[in-house]
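Asks: Show me how the following folds:
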Amino acid sequence: MWMTVAMSYYGLILINTSLMTLIKDDKPLTIESSTIKTTQCKVLTTDDYQSLIFTTFGEMFGIPLLLFFLSRFGRRTICMINFSSASICFALFLLVPRHEPWMINVITFTARMFINSQFSLMYLYTMEVYPTVIRAIAVGCASSMARIGAMVSPFLSQVLIKQTFYGTIGIYVITAAIAAFCAYLLPIETRGRELKVSF
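Replies: Alright, predicted model coming up:
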């Protein structure tokens, strides 16, 4: 779950910019009488930056969303909601036309809200599950696993997406769905449970 949440978090950011540049792949960009080939870097426009700023605001709503969920549901249920919602948002990328930036922005905004909520919940849940004597080690090891997911994400969302758009998005859909199922299988519900000091 830790790998998936980090892979999805960074993947959403990178997929957004990848989609902006993929739309422009059909026509080469001309700057000062020289043509930039499609294999080179693409220049983002002002509209692209405005889109990125808009989708980033989705993260600001992640914590209030988490606080809303925490007052009503258990940790496992919230994990399932967040991962399932993220998986659905990734699946929507496959259904929405790529030449409609506003639809891509709304999906990315929503997905980033759920993934940011889940990222915060992962720290909370991990700290509540493990006793004090190993809590720091447990959170550190879990966070290390998240960094593996973060390292994989650029290869998926910037390299593989140019080869197979549907395959790349499919990986994100499947991994988020598997994480939601793993959340269902979590053996310990920590809502209302006292923090343990030792085993």
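
Asks: ok, now how distant is Asp48 from Phe54?
Replies: 11 Å (C-beta to C-beta, to the nearest Å). For the C-beta atoms, the positions are set from N, CA and C on the backbone; glycine is no exception.

Asks: Which of the two has more residues huddled nearby?
Replies: Per other C-beta atoms under 10 Å, whichever of Asp48 and Phe54 has more neighbours is Asp48, with 19 against 15.

Asks: Skip the chain neighbours and tell me the closest residue to the more buried one.
Replies: Met20 (4.8 Å; C-beta to C-beta, 6 or more residues apart in numbering).

Asks: Quick check: mean pLDDT of the helix or strand harbouring the one you found?
Replies: Here Met20 sits within helix 2-23, counting by DSSP states H and E. Here helix 2-23 scores 88 as its mean pLDDT.

Asks: from what I can see Tyr166 touches Phe93, true?
Replies: No. The pair Tyr166 / Phe93 is not scored as a contact, 9.4 Å apart, by C-beta atoms under 8 Å.

Asks: more crowded one of these two?
Replies: Using other C-beta under 10 Å, the more surrounded residue of Tyr166 and Phe93 is Phe93, with 23 against 11.

Asks: Relative to Arg76, how far out is Thr194?
Replies: Heads up, residue 194 is Glu, not Thr. 18 Å.

Asks: ranges for the helices of this protein?
Replies: Ranges of helices in the chain, per DSSP state H, are 2-23, 46-60, 62-70, 75-95, 101-129, 132-154, 161-163, 165-185.

Asks: buried stuff in the third one?
Replies: Within helix 62-70, the residues scored as buried using 16 or more other C-beta atoms under 10 Å are 62, 65-66, 69-70.

Asks: What of the last one?
Replies: Residues of helix 165-185 classed as buried under the neighbour-count rule (16+ other C-beta under 10 Å) are 165, 168-169, 171-173, 175-177, 179-180, 183.

Asks: Among the residues you listed, which pair sits farthest apart?
Replies: Spatially, the most separated pair among the buried residues of helix 165-185 is Phe165 and Ala183, at 27.5 Å (C-beta to C-beta).

Asks: pLDDT below threshold where in this structure?
Replies: Residues of the chain that meet the criterion pLDDT under 70 lie in 23-42, 199.

Asks: how does it look with 90?
Replies: In the predicted model of the chain, residues 15-59, 96-104, 128, 130-135, 158, 161-165, 187-199 satisfy pLDDT under 90.

Asks: Please save the CA atoms from stretch 188-199 in PDB.
Replies: Below are the C-alpha coordinates for stretch 188-199, written out as PDB (Å, rounded to 0.1, in the frame of the first residue of the first chain):
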ATOM      1  CA  ILE A 188      -6.100  -4.400  12.700                       C
ATOM      2  CA  GLU A 189      -8.600  -1.500  13.000                       C
ATOM      3  CA  THR A 190      -7.000   1.200  15.000                       C
ATOM      4  CA  ARG A 191     -10.000   3.600  15.400                       C
ATOM      5  CA  GLY A 192     -10.600   4.200  19.100                       C
ATOM      6  CA  ARG A 193      -7.700   1.900  20.100                       C
ATOM      7  CA  GLU A 194      -5.100   3.000  22.600                       C
ATOM      8  CA  LEU A 195      -1.500   3.200  21.400                       C
ATOM      9  CA  LYS A 196       0.500   0.200  22.500                       C
ATOM     10  CA  VAL A 197       3.800   0.800  24.200                       C
ATOM     11  CA  SER A 198       5.200  -2.700  23.900                       C
ATOM     12  CA  PHE A 199       4.200  -6.100  22.400                       C
END
